[in-house]
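S.K.: pasting the structure only:
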């Protein structure tokens, strides 16, 4: 029981930080689309993400699950997510740096807001939470090299759980 307290504190701190970072870029002047009014979906959801993009996208999806998977038949994801953050902290830090460098800070912030919003829009929260806990537990069973290789597939599983049954 006492071992879960540091994990819960870490998850709470990261959740707060993620919420704060997720709100970045929300107060910019709106840009009107030139032709279409269709909502742009993040590139992460249009194709299979690879490398640091898949690792960071998977972390984002599991972060949303850690915050939203509570009660009403939804298995709690926060403890497994907190363990994953600790177990793979070096890999996650590298993926974060690579994605910020690849996209640039402003684009990265806007992309992350879209990714978080997409993961928060679940057709079946119970199904999404079950998929998230399964993915988080598998991530915790892997070393960081294996996790990096498996991230695109695990991200695909998490994205599939967003769709209607």
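M.R.: It's in. Note that the structure is a prediction, hence the values are computed from the model and not measured.

S.K.: Could you look up the SS state of residue 136?
M.R.: With DSSP: H, G, I helix; E, B strand; the rest coil as the basis, residue 136 sits in helix.

S.K.: What residues does residue 94 make contact with?
M.R.: Residue 94 makes contacts with residue 52, as judged by Cβ atoms under 8 Å, 6 or more residues apart in numbering. C-beta: built from backbone N, CA, C; applies to glycine.

S.K.: List the buried residues of the helix or strand hosting it.
M.R.: In this assignment (DSSP states H and E), residue 94 forms part of helix 89-103. Residues of helix 89-103 classed as buried: 91, 92, 94, 95, 99, 100, 103 (neighbour count, 16 or more other Cβ atoms under 10 Å).

S.K.: By pLDDT, rank the residues you listed and give me the bottom one.
M.R.: Within the buried residues of helix 89-103, the minimum per-residue pLDDT falls on residue 103 (85).

S.K.: Quick check: the gap between it and residue 93.
M.R.: 16 Å (Cβ to Cβ, to the nearest Å).

S.K.: Can I get the buried residues of helix 89-103 in JSON lines including distance to residue 161?
M.R.: Shown next, in JSON lines, are the buried residues of helix 89-103 (distance: Cβ to Cβ, whole Å):
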{"residue": "91", "distance to residue 161": "23"}
{"residue": "92", "distance to residue 161": "21"}
{"residue": "94", "distance to residue 161": "26"}
{"residue": "95", "distance to residue 161": "21"}
{"residue": "99", "distance to residue 161": "23"}
{"residue": "100", "distance to residue 161": "27"}
{"residue": "103", "distance to residue 161": "25"}
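
S.K.: Which one of those is nearest to residue 73?
M.R.: residue 92 (29.1 Å; Cβ to Cβ).
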